[in-house]
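Asker: give me a 3D structure for the following:
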Amino acid sequence: MQIQPFTAPRYNDPAFHCPHCNAYANQLWGQARASFGGRSAQDVADINFARCSCCQKETVWVKETQVFPLTSAAPVLNPDISDGEIKKLYSEATAIIAQSPIAASALLRVALNRLCADLGDNNKDIAENIALLVEKGLDARICKSLELVRVIGSNAVAAGNLEMKDTEETATNLCHLLNLIAEMMITLPNAVTKLYMQQNPPTPTVSTGSETQKAQDKKKEPEKEKADSGADA
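Answerer: Sure thing, here's the model as predicted:
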């Protein structure tokens, strides 16, 4: 089964990932209408709605910018990421991608830096950690992609700093890259380990009679020592 690549909401697009249900679905567009002073309803300029064909909920757009819901339809964070700080940074970033992609990108670079430190070495910078992860099996193409979104490389933006050139697309790509790194370095190794353990379950240890007797004798030693000390007294 082919997975639909994440498609962020865009004005007048016929289909995208819904920020309400996160499903990739067709969107039915319509213009706002209102009645002023009891007169017949008329179109309201620059206000439009897109109704999701999956959940039947609307996104609201003003001058081609999504204003509701405030949360964006960014990719869901990989559930195998356990670091609470990364979860918080990702949640705050994805909530403001549409309204402030510059701030969202800054938060996501901090999250990426923390993730790479968790997977690599806390004493190294992100470029060194990315190189270390590539040695451990991370796809080198992800390294190249990180250069394009200015996480590493000669044009890298320091984690937490604002880059005025960042766009909504930049922020969304940062989300994808963070999840891809987690997928390759956490999810896939965990899945392989689980599969291996299912096919090669550990052999249960069976205690022999002599081992059981030794355990019982060891348990009785303190009592024997106590009895002997009482006899000597």
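Asker: helix/strand/coil for the residue nearest the centre of the chain?
Answerer: For the chain, the residue nearest the mean C-alpha position is residue 77 (2.3 Å; C-alpha atoms, centre = their mean). At residue 77 the chain is in coil, as set by DSSP: H, G, I helix; E, B strand; the rest coil.
Asker: that one and residue 89 touch, don't they?
Answerer: No. Using C-beta atoms under 8 Å, residue 77 is not in contact with residue 89, being 9.8 Å away. (C-beta placed from N, C-alpha, C; glycine too.)
Asker: returning to that earlier point: which pLDDT value goes with the residue nearest to the centre of the chain?
Answerer: Looking at residue 77, its pLDDT is 92.
Asker: dihedrals phi and psi, it?
Answerer: Backbone torsions of residue 77, given as degrees, to the nearest 10, read phi -60, psi 140.
Asker: could you measure from it over to residue 197?
Answerer: In this view, residue 77 and residue 197 are 26 Å apart by C-beta to C-beta, to the nearest Å.
Asker: so the residue nearest to residue 36 when sequence neighbours are not counted bridges to which residues?
Answerer: In space, residue 36 comes closest to residue 42 once its chain neighbours are excluded; the distance is 7.5 Å by C-beta to C-beta, 6 or more residues apart in numbering. Under DSSP bridges, the beta-bridge partners of residue 42 are residue 34.
Asker: how close does the residue nearest to the centre of the chain sit to residue 179?
Answerer: 7 Å.
Asker: and the strands in the chain?
Answerer: According to DSSP state E, the chain carries its strands in the segments 15-17, 24-34, 42-52, 58-62, 65-68.
Asker: may I have the phi/psi pair for residue 152?
Answerer: The phi/psi pair for residue 152 (degrees, to the nearest 10) is phi -130, psi 170.
Asker: contacting residues for it?
Answerer: Residue 152 is in contact with 126-127, 130, 143, 146, counting by C-beta atoms under 8 Å, 6 or more residues apart in numbering.
Asker: between which two of those residues is the distance greatest?
Answerer: For the contacts of residue 152, the farthest-apart pair by C-beta to C-beta is 126 and 143; their separation is 11.0 Å.
Asker: for the chain, what helix or strand is lowest in average pLDDT?
Answerer: In the chain, no helix or strand scores lower on mean pLDDT, DSSP states H and E than helix 209-232, which sits at a mean of 61.
Asker: hang on, the earlier thing: state the number of residues packed around the residue nearest to residue 36.
Answerer: Residue 42 sits with 11 neighbouring residues when counted by other C-beta atoms under 10 Å.
Asker: that one contacts residue 34, correct?
Answerer: Yes. Using C-beta under 8 Å as the test, residue 42 is close enough to residue 34 to be in contact (7.1 Å).
Asker: contacts for stretch 6-15?
Answerer: 16-19, 24-27, 29, 48, 50, 59, 61, 64-66, 72-75, 97-98, 168-169, 172, 176.
Asker: ok, 6 Å please
Answerer: 16-17, 26, 61, 64, 66, 73, 75, 172 (C-beta atoms under 6 Å, 6 or more residues apart in numbering).
Asker: ends of it, how far apart?
Answerer: Stretch 6-15 has its terminal residues 11 Å apart, counting by C-alpha to C-alpha, to the nearest Å.
Asker: report the buried residues of it.
Answerer: By 16 or more other C-beta atoms under 10 Å, the buried positions in stretch 6-15 come out as 6, 8-9.
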